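Novice: fold the following for me, if possible:
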Amino acid sequence: MKNITHKLFFVVLLLMGTTIYAQESTETEPMDLEELEEVLLVGGGVIDLAEDRKTPVAVSTITGEEIQKKIGTQDITMTLANTPSIYVAGQSGAFGDTRIAVRGFDQSNTAFMLNGQPINGMEDGKMYWSNWSGMNDIANVVQIQRGLGASKLAISSVGGTVNFVMRSTSKQQGGFAYAGFANDNYLKTTFSYDTGENDNGWSTSMLLTHWQGDGYAEGTFGQGQTYFFSLGYKMNEKHNFNFLMTGAPQWHDQNFSKSIATYLDYGRKYNNNYGYYGDTYLTERRNFYHKPVFNLNWDFNISDKSNLSTVLYASTGNGGGTGGRGNRQRTEDGYIDYDAIYDQNAAVPAGAGVYFGSNDNYITRASMNMHNWLGAVSNYETKLSDNLSFNLGVDLRTYYGEHFRIVENFHGLSSWQENIRLRDQNNNHQTYGSFGTYKFVLATESMGANPWEATFNNFSQDQKIAYSNDERINYGGLFTQLEYVNDDFSAFFQGSVSKTMYQRWDHYQYADDSLIDGSSSQSTGEALPAGITDGVKSDKVDNFGFNAKAGVGFGVGENGQAYVNAGYYSRAPYFDNIYLNYTNQINPNTSNETIIGLEAGYVYEVPNFSARVDLYRTSWADRVTSSFYVDNDVVFYNISEGVSQLHQGVELTFFAKPQENVPYTLKGFLSLGDWIYEGDAISRLQDEDQNIISTETVDVDGGKVGDAAQFSAGLGLDVDLAERLSFDSDIRFYDELYANVGAVKENLELPSYHVVDMGLSFKMFVNDGTLDIRLNVNNVFDNVYISELRSAIAAGEGTGVLYDGIDTANQGYFGLGRTWNVGLRYNF
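Specialist: Residues are numbered from 1 along each chain as shown. Okay, here's the model as predicted:
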């Protein structure tokens, strides 16, 4: 009853706001609600903003001004929190560890674009926001296109498409200096300068940032930098070039989910991933990464009717995450007892640690993810007539990734040995006598968990432990669009075809190409060399994919427009789903995932008010889902294959700017979803060492999709208190949120919750510049709520103790409590 009351409260408020403002006078100046702030943008022809196509899509746009005002110390994902069908969580209290879901689909199935280039991981589609912490400083616009979207590329836009438009080289000379302070000893400083465009058409922009903080939760310290450099050259009226380079090296300590009972015993900020050796702080879980991006845009204005826009890009990834390996020791309060670990390791003869059975020794390892990525996107556009436009383009990508583990800290040991059972080329473990065919790995070198060290380190193959494998992914796509537009009607068709090639190399599990069914002379039980430089390669796998989208838009009266869009995707599977159980064995059950999207909507706009309603239905077959949980310090992964899902719902947004003598604006959103699993699925449980624990077929029909709230609503208010003083507040309510446990038939619903954020802005004129002062307070009333669960233990089946109706044996995270930040920005 309480949840129903909350829902009705938000629905009534939204309807009241919509009704009142729709009847307001329209004497104020016209306001284009979808207008982006003025940005000098090269390469705009490949970015695919919603405004570039006349037939509407479900879209929300956040300007750079809004980002700078409200983001504070939060991840860039939080800029989308006040839009419908968006859920941002993963709030473990560590920097950059949030996640985002769109219409119930996780971020591996939402396309993220940076100035027209896809940035989802090519292996699995995942996004790690700590790698993109600099986006807060360099994004001019963030646009979320829910559902089919306006992109012409063959991308994974099942949930939607998020476009990040980076600042490009400015025509105007100027810059800014920024200092920010926040809870938990957070400090950030930024300096930015633009030379402006000279008489020869050259211009330069640069930005440098440093940040550091203790983190919201215990043991979640972090530190990083952002650098940005952009060089623009306008050769003439036909040719315009822009080169940019940006990166955000960082490290941050992490907090994993724990049982509610543990949080109740030790507090919501409790984290047991760290400890002390004497007085020295040490952590078992640290993420460190550096992913520089290089981007060259060329706009060629061929004629009044035709243009060509091309972007060439490159990126390299360097870093990973740490964890424990061996016999971990803990204090009575659950923290890692590094004093006991050093004492334990000191008793090992000659300091020669061994990972085999229950040996009393321990190291901190680093799981590394290194990659190089090259790509190009080019789009040709021409006007075939006054009403008809045509696009044709190409999307090319090549990716090489390396995955392995190394020793990060020996903790007093001098070496670390592991014994690896080898597989034959049929992927079977070979067994001879009591030992089998195996090889030794003996590591004597360690590397600190530092992004700069990872960037410039040459990793020796014979120092790698646990696993070592590489992959090559090549991708090629063609896309086209045809759109017809007149005064009251528009129609479009988009189509794309793509081919993806995959191949895997394993340096660890296989002896060499001759070890087949035990016939090799190496199958004698003798130790083999530690590493294989070239690796044993898998067969190549080629997959074709395509998508087709079409839609129409038509006017309804003087101020309204309606639209209907439909799309069909045949998406090639991700690399991680091609090869079975982290071997070279090809998964025979892998097939293209098929997605059918239907959507319709209505947009109403007058100068002081706009509102839109969007309806959607997305069906998805043959997909793969995953989730994870932690048990006794070991991370376990649930992976389900052959999953079918149905997501449908309705979304409402409005924005109102009243008459000039009423100095405030009001905005709101409402989304109601119904997201379920259908049929059966193959479920696989594995640990973080890539060992398969179990595999079974399960009935998931009718099960609720977790990971995101199926009902959400929000209201926002901006008030001008004085000429240069303003106040704003946002309230969000979430309900029908289920546990993130993958595809299951019986899921666990979390309690509903709401949060309130507030901010205050003041502008001062200082000499020839301005000083902007901003205060943000998030979760003003310090509301206590569970933002996500990674288990679905029914009441009474765990500890038997309930917290807000949830068994306290369940694992998850509480949302962040009250946080604050203050920023001072001097613009010159």
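
Novice: which parts of stretch 379-395 are buried?
Specialist: Asn379, Tyr380, Glu381, Ser389, Asn391, Gly393, Asp395 (16 or more other C-beta atoms under 10 Å). Using the backbone N, CA and C atoms, a C-beta is placed for each residue, glycine as well.

Novice: of the residues you listed, which pair is most distant in space?
Specialist: Across the buried residues of stretch 379-395, no pair lies farther apart than Ser389 and Asp395, at 19.4 Å, counting by C-beta to C-beta.

Novice: re earlier: from the buried residues of stretch 379-395, which is closest to Leu771?
Specialist: Among the buried residues of stretch 379-395, and counting by C-beta to C-beta, the member closest to Leu771 is Asn379, at 41.5 Å.

Novice: just to revisit the earlier point, from the buried residues of stretch 379-395, which land in helices?
Specialist: Within the buried residues of stretch 379-395, no residue falls in helices by DSSP state H.

Novice: please enumerate the helices of the stretch 101-250 of the chain.
Specialist: Using DSSP state H, counting those that start in this stretch, the helices assigned to the stretch 101-250 of the chain run over residues 135-138.

Novice: measure the residue nearest the centre of the chain to Pro118 for me?
Specialist: For the chain, the residue nearest the mean C-alpha position is Met127 (3.2 Å; C-alpha atoms, centre = their mean). Plainly put, Met127 is 11 Å away from Pro118 if you go by C-beta to C-beta, to the nearest Å.

Novice: mind listing the shared neighbours of these two?
Specialist: Phe112 (C-beta atoms under 8 Å, 6 or more residues apart in numbering).

Novice: contacts only, for the residue nearest to the centre of the chain.
Specialist: Contact analysis of Met127 by C-beta under 8 Å, 6+ apart lists Arg99, Ile100, Gln107, Ser108, Phe112, Ile119, Asn120, Gly121.

Novice: what's the closest of the residues you listed to Leu672?
Specialist: Nearest to Leu672 out of the contacts of Met127 is Ile100 (C-beta to C-beta; 19.2 Å).

Novice: low-confidence regions, the chain specifically.
Specialist: Along the chain, segments meeting pLDDT under 70 span 1-44, 51-52, 91, 170-171, 357-358, 424-426, 428-437, 511-535, 633, 688-690.

Novice: for Phe654, see how far away the residue nearest to the centre of the chain is.
Specialist: Separation of Met127 from Phe654 (C-beta to C-beta) stands at 30 Å.

Novice: redo the contacts of Met127 as CSV? Include distance to Asp539 and neighbour count.
Specialist: Shown next, in CSV, are the contacts of Met127 (distance: C-beta to C-beta, whole Å; neighbours: other C-beta atoms under 10 Å):
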residue, distance to Asp539, neighbour count
Arg99, 34, 22
Ile100, 36, 26
Gln107, 30, 24
Ser108, 25, 21
Phe112, 31, 24
Ile119, 29, 20
Asn120, 25, 19
Gly121, 23, 23
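
Novice: those in strands, which ones?
Specialist: Judged by DSSP state E, the contacts of Met127 include Arg99, Ile100, Phe112 as members of strands.

Novice: could you dump those residues to TSV with distance to Gly601?
Specialist: TSV is the format used below for the ones in strands among the contacts of Met127 (distance: C-beta to C-beta, whole Å):
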residue	distance to Gly601
Arg99	27
Ile100	22
Phe112	23
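
Novice: closest to His371 among the buried residues of stretch 379-395?
Specialist: Nearest to His371 out of these is Asp395 (C-beta to C-beta; 18.5 Å).

Novice: measure the closest one to Asp542 for me?
Specialist: Asp395 is 17 Å from Asp542, by C-beta to C-beta.

Novice: return the member of the ones in strands among the contacts of Met127 nearest to Tyr738.
Specialist: Distances from Tyr738 to these, taken by C-beta to C-beta, are shortest for Arg99, at 15.3 Å.

Novice: report the contact partners of the closest one.
Specialist: Thr77, Val88, Ala89, Gly90, Asp106, Gln107, Met127, Trp129.

Novice: contacts for the helix or strand the second one falls within, please.
Specialist: For Val88, the element it lies in under DSSP states H and E is strand 86-89. Counting by C-beta under 8 Å, 6+ apart, the neighbours of strand 86-89 from elsewhere in the structure are 75, 77-78, 80-81, 98-102, 144, 707-709, 712, 734, 737, 787-788, 813, 815.

Novice: can you give me the buried ones in that strand?
Specialist: For strand 86-89, burial by neighbour count (16+ other C-beta under 10 Å) applies to Ile86, Tyr87, Val88, Ala89.

Novice: wait, Phe477 touches Val394, no?
Specialist: Careful, residue 477 is Gly; it's not Phe. Yes: contact criterion C-beta atoms under 8 Å: Gly477 and Val394 qualify, at 7.0 Å.

Novice: need the residues touching each of those two.
Specialist: Counting by C-beta under 8 Å, 6+ apart, nothing touches both Gly477 and Val394.
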